[in-house]
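Q: Everything below, folded, please.
(2 chains)
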Amino acid sequence: MSPNTKEMRILSTTAILGYGFPEESFQRGLDRDPHLIAVDAGSTDPGPYYLGSGKSFTDRAFVKRDLTFMLKAGVERKIPVVIGTAGGSGAAPHLAWCRAIIEEIAKEENLSFTMAVISADIPKEKVYAALDQGRILPLHGVHDLTRELVEQSTHVVAQMGMEPLQEALKAGVDVVLAGRTYDPAVFAALPVLRGFDPGLALHLGKILECAAIAATPGSGADCALGILEEDSFILEPLNPRRKFTCASTAAHTLYEKTDPYHLPGPGGELDLTECTFTQIDESRVRVAHTRFVPSERDMVKLEGARPAGFRTISIAGTRDPVMIAGIDGILEDVRGQVDAMRRGKASMAGEVYFHVYGKNGVMGPLEPLASQDMHSHELSIIVEAVGPTKEAADTLCSVTRSTLLHFGYEGRISTAGNLAFPFSPSDIPMGEVFEFSLYHLMDREPDMFPIEYVTVGGAK
Amino acid sequence: MKRNITEVAHVIRSKNSGPFEITFDIMFKTPEWFQFFVEKEIINTALITSLYKVTPQDILAVVHFKPASAIKFTLKRRIPSGSPGETDIYGAQQHAPLLSITFDDLQ
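A: So this is what the prediction gives:
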């Protein structure tokens, strides 16, 4: 093959679909004549609520804005567009949500294209069977999985690797819309299909999934270009304000990772022990010698979240020095008084948490600064009640708030009320609460990620 | 002479590494300072357990990453991201105790 075909240019638009990107950067990326436009649309970082509830953590209007640019350019220029972890969490409702946005864009922009929609939902029966047969392992630091946890989970997804995306791309579709996906796979699937080294392609994907975050100054809302060659890859900024440097690129390799030398993923791990970073010019970096090491056991990561009740909160503040000095004891006494009143009453079941900003609201019990060493002249107190029903959470929040408001603590001078509320109503129902229930490895099975092929938009 | 870590490190941060772990990065201004901290074993188990009120078992890894002149360590989360009672869903504001690290500059 000639050197020309030995290069693949990959345009990453934004760190998470819906975070946005400057139109100029995107155009500069298109001017580089990319072979692939790809984006990672998800993360577990915003917490378990989104996977559990089936809702997206990104805004619909901005997801539509980003996708409109990508789909128009991709379809018109015949560049494949690959989207991973649709809707933020990549379960069935998230996939449907993103698919509806794509269909809306096709209609409004008069676009017509073929699309593969890849599901990442794992039927619970398969998880039970794998659990019974010992084919599920907890990840480091994670609880053991039980049948009950699976039963209670609203959605169970697995992170797909490159293979389902490659199957769809081999079929020649214009757009691939995938459920929960290993972030780098979105960028690596096509190049690996065309014979590029999986270690380099996945490492490039690992950087491109955060778009321009690995540049300096970094940004999650700007495009970046990756150029994959036979034995290395190059990172190129698409905004003159940014540069990729050895330091910024190497530093990004640490980000969100437990061990930057060994990055596990579906089917194996990236080994960076020999990896080199070389500055080509002021703004471009070449990366080489990353290896993909297949694992003995081919496993995928399961993710799931289960309901943990309902939450109601109340936000308040205090400016009283006597109350601030005695805050730990006051909150303990209020908790005791509320517990005594609700003993044995199912209608007030649940847990109360006090988030005290100005004291240890950020670090909780890990806060190293002792209470007597704090010098805040005011504190914010968020009363959080989590109960089995919305009504129980409302009741528990209400009674805790009113008890704290009028609590006659030791040495009180200000007897009209202990709290300043910024809002009426003072109590805010937050809806259902979820917690991560599955974060486990499961042996990969055939046909885990079914593909549906569709034509979007009318024929032109 | 006692010096503060912020004189020799330009990035000190924390972040989720999945919902069950928090990982901490200290990136040094020069490879020499990185080497100094590695050789003197300044970021050790005793220091981490005292700064974060955790047990040695809660420390999942301490890694020296030469390409970024960085030392990183990872802790098991007290509460998984987003579970009731949590305070920092992204884990991005748990770095502050590291800013108080001091060391003897023997150079």
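Q: In chain B, what residue lies closest to chain A?
A: Going by CB to the nearest CB, chain A is nearest to residue B:82 of chain B, at 3.0 Å. For every residue, glycine as well, the C-beta is placed using N, CA and C.
Q: Please identify the helix or strand for that residue.
A: Under DSSP states H and E, no helix or strand contains residue B:82.
Q: Tell me the spacing between it and residue A:362.
A: The gap separating residue B:82 from residue A:362 is 15 Å, by CB to CB, to the nearest Å.
Q: the more surrounded of these two?
A: Legend: neighbour count by other CB atoms under 10 Å in any protein chain shown for residue B:82 and residue A:362, higher for residue B:82 (24 against 15).
Q: got the buried residues for the lowest-mean-pLDDT helix or strand in chain A?
A: Lowest mean confidence among the helices and strands of chain A (mean pLDDT, DSSP states H and E): helix A:246-254, at a mean of 90. Residues of helix A:246-254 classed as buried by neighbour count (16 or more other CB atoms under 10 Å in any protein chain shown): A:246, A:247, A:248, A:249, A:250, A:251, A:252, A:253, A:254.
Q: show me which of these neighbour chain B.
A: Contacts with chain B are made by A:246, A:247, A:250, A:251, A:253, A:254 out of the buried residues of helix A:246-254, judged by CB under 8 Å from any CB of the partner chain.
Q: Surely the fifth one touches residue A:260?
A: Read it as residue A:253. Yes - the criterion here is CB atoms under 8 Å, and residue A:253 meets it with residue A:260 at 4.8 Å.
Q: which residues are contacting stretch A:91-108?
A: With contacts defined as CB atoms under 8 Å, 6 or more residues apart in numbering or on different chains, stretch A:91-108 is touched by A:17, A:41-42, A:50-51, A:54-56, A:60, A:63-64, A:67-68, A:71, A:83, A:85-88, A:111-113, A:115, A:117, A:119-121, A:155, A:157, A:175, A:177, A:179-180, A:456-457.
Q: wait, what's in contact with residue B:44?
A: Neighbouring residues of residue B:44 by CB under 8 Å, 6+ apart: residue B:62.
Q: Angles on the backbone of it, please.
A: Torsion angles at residue B:44 (phi, psi; degrees, to the nearest 10) stand at phi -120, psi 170.
Q: Quick check: the gap between it and residue A:295.
A: The gap separating residue B:44 from residue A:295 is 31 Å, by CB to CB.
Q: same thing with residue B:48?
A: Counting by CB to CB - residue B:48 and residue A:295 are separated by 29 Å.
Q: higher neighbour count, the two?
A: The neighbour comparison of residue B:48 against residue A:295 (other CB under 10 Å) goes to residue B:48, with 19 against 13.
Q: That one belongs to a helix?
A: Yes - counting by DSSP: H, G, I helix; E, B strand; the rest coil, residue B:48 is found in a helix.
Q: Residue A:10 versus residue A:18, what's the distance?
A: The spacing between residue A:18 and residue A:10, counted by CB to CB, is 20 Å.
Q: Phi and psi next, for residue A:383.
A: Backbone geometry at residue A:383, expressed as degrees, to the nearest 10, gives phi -90, psi 120.
Q: ok, it - how many residues close by?
A: When neighbours are counted by other CB under 10 Å, residue A:383 comes out with 25.
Q: What of residue A:420?
A: Neighbour number of residue A:420 under other CB under 10 Å is 14.
Q: same thing with residue A:349?
A: Residue A:349 has 17 neighbouring residues, counting by other CB under 10 Å.
Q: For beta bridges, what are the partners of the residue sitting nearest the centre point of chain B?
A: Residue closest to the average C-alpha location in chain B (CA atoms, centre = their mean): residue B:24, at 4.2 Å. Here residue B:24 sits in beta bridges with residue B:14, residue B:73, as judged by DSSP bridges.
Q: Surely it touches residue B:97?
A: No - using CB under 8 Å, residue B:24 makes no contact with residue B:97, being 9.5 Å away.
Q: sorry, back to before: read off the pLDDT value for the residue nearest to the centre of chain B.
A: Here the pLDDT value assigned to residue B:24 is 97.
Q: residue contacts, it?
A: Counting by CB under 8 Å, 6+ apart, residue B:24 has contacts B:12, B:13, B:14, B:72, B:73, B:74, B:75, B:94, B:95, B:98.
Q: list the contacts for residue 25?
A: No chain specified, so I'll use chain A. A:212, A:222, A:223, A:238, A:239.
Q: wrong chain, I was asking about chain B
A: Contact partners of residue B:25, counting by CB under 8 Å, 6+ apart, are A:251, A:254, A:255, B:11, B:12, B:13, B:14, B:15, B:70, B:71, B:72.
Q: Number of residues surrounding the third one?
A: Translated: residue A:255. By the measure other CB under 10 Å, the count of residues near residue A:255 is 20.
Q: Ramachandran coordinates for it?
A: With angles defined as degrees, to the nearest 10, residue A:255 sits at phi -60, psi 130.
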